[in-house]
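[1] From the sequence below, what's the structure:
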Amino acid sequence: MSAQVMPNRTEGHEGAVSIPCRAPSVEVYRLLADIRSHLEWGGGQSPTSQWLVSLDAPEGPAEAGTRFQSVGHTPQGTWHDRSTVLSAIPHELFEFRTEGILAANRPAVGEWWHRYEIHPRPGGCVIRYRCRWQLSPTQLDHAHRLHRAVFSQLVLPGIWERGLRSLAKMAEGQVVTLPALSNEAVASVSARG
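    As a prediction, the model looks like this:
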């Protein structure tokens with residue numbers, strides 16, 4: 001895993017994490033474009049303190065302009081989100097923007113840009129997740145500077161990595177591996193042909 005989170009004074013914060021995946025980029029993209037699958041790899045399969053609880057999305061592969069709603073659990077409360085797909089380039093890129101409201105003792109409003117880049121490589125691909133976010137002043141501005149740094153530099157990349165690992169595991173589970181043919185079997189098939 002490689003992770004990086006940077007404060008961005010004009011646009012909140014941004015960060016990225018990358019992981020290798022043994023599935024081809026077509027399988028990873030298929031799961032990303034099937035927004036309903038996010039509930040499985042970003043919810044039930046993601047063992048973390050933050051996960052998707054529910055998701056309302058149209059069936060089939062999402063494309064630019066597709067809208068969906070979700071509810072997510074965090075230790076601070078429940079996020080109620082509305083998202084719009086910005087880019088959907090098969091096998092390469094899936095990006096969406098989310099606006100959300102945190103229902104908690106200290107309510108907050110947030111905005112996120114989620115970008116999944118899929119880079120093919122021998123034996124699979126590399127999945128890179130980038131996120132840019134802004135939260136209302138009621139959350140991070142009131143937190144102690146050390147707590148903000150720990151949250152941004154350690155907690156978020158860990159959550160992102162667990163989500164990507166769940167996505168990769170699910171994509172790898174979709175791949176059917178055929179047994180290798182022996183030289184004798186290849187020769188036998190070639191002789192018949």
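[2] CA only for contacts and neighbour counts going forward, please
    OK.
[3] And for R97, nearest residue in space, chain neighbours not counted?
    W113 (4.5 Å; C-alpha to C-alpha, 6 or more residues apart in numbering).
[4] and that neighbour, what pLDDT?
    pLDDT, W113: 96.
[5] Next, the buried residues of the strand or helix carrying it.
    Per DSSP states H and E: W113 is located in strand 108-121. For strand 108-121, a neighbour-count test (16 or more other C-alpha atoms under 10 Å) marks 108-120 as buried.
[6] can you pull out the strands in this protein?
    2-8, 12-21, 51-56, 67-74, 77-89, 93-103, 108-121, 124-135 (DSSP state E).
[7] Can you lay out these as TSV showing distance to A168?
    Formatted as TSV, the strands of the chain follow (distance: least, C-alpha to C-alpha, whole Å):
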stretch	distance to A168
strand 2-8	15
strand 12-21	6
strand 51-56	16
strand 67-74	21
strand 77-89	18
strand 93-103	15
strand 108-121	11
strand 124-135	8
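[8] And these: which comes nearest R165?
    strand 12-21 (7.4 Å; C-alpha to C-alpha).
[9] so what secondary structure elements neighbour that closest one?
    Strand 12-21 is packed against strand 2-8, strand 124-135, helix 156-174, with contacts defined by 3 or more C-alpha pairs under 8 Å, 6 or more residues apart in numbering; DSSP states H and E.
[10] what's stretch 84-92 in contact with?
    25-30, 33, 62-68, 93-98, 117-119 (C-alpha atoms under 8 Å, 6 or more residues apart in numbering).
[11] residues of that stretch that come out buried?
    Applying 16+ other C-alpha under 10 Å to stretch 84-92 flags T84, V85, L86, S87, A88, P90, H91, E92 as buried.
[12] Now that we have the residues you listed, can you turn them into CSV and tack on distance to P58 and pLDDT?
    Putting those into CSV (distance: C-alpha to C-alpha, whole Å; pLDDT from 0 to 100) gives the following:
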residue, distance to P58, pLDDT
T84, 12, 98
V85, 12, 98
L86, 16, 98
S87, 16, 97
A88, 15, 98
P90, 18, 97
H91, 20, 96
E92, 21, 97
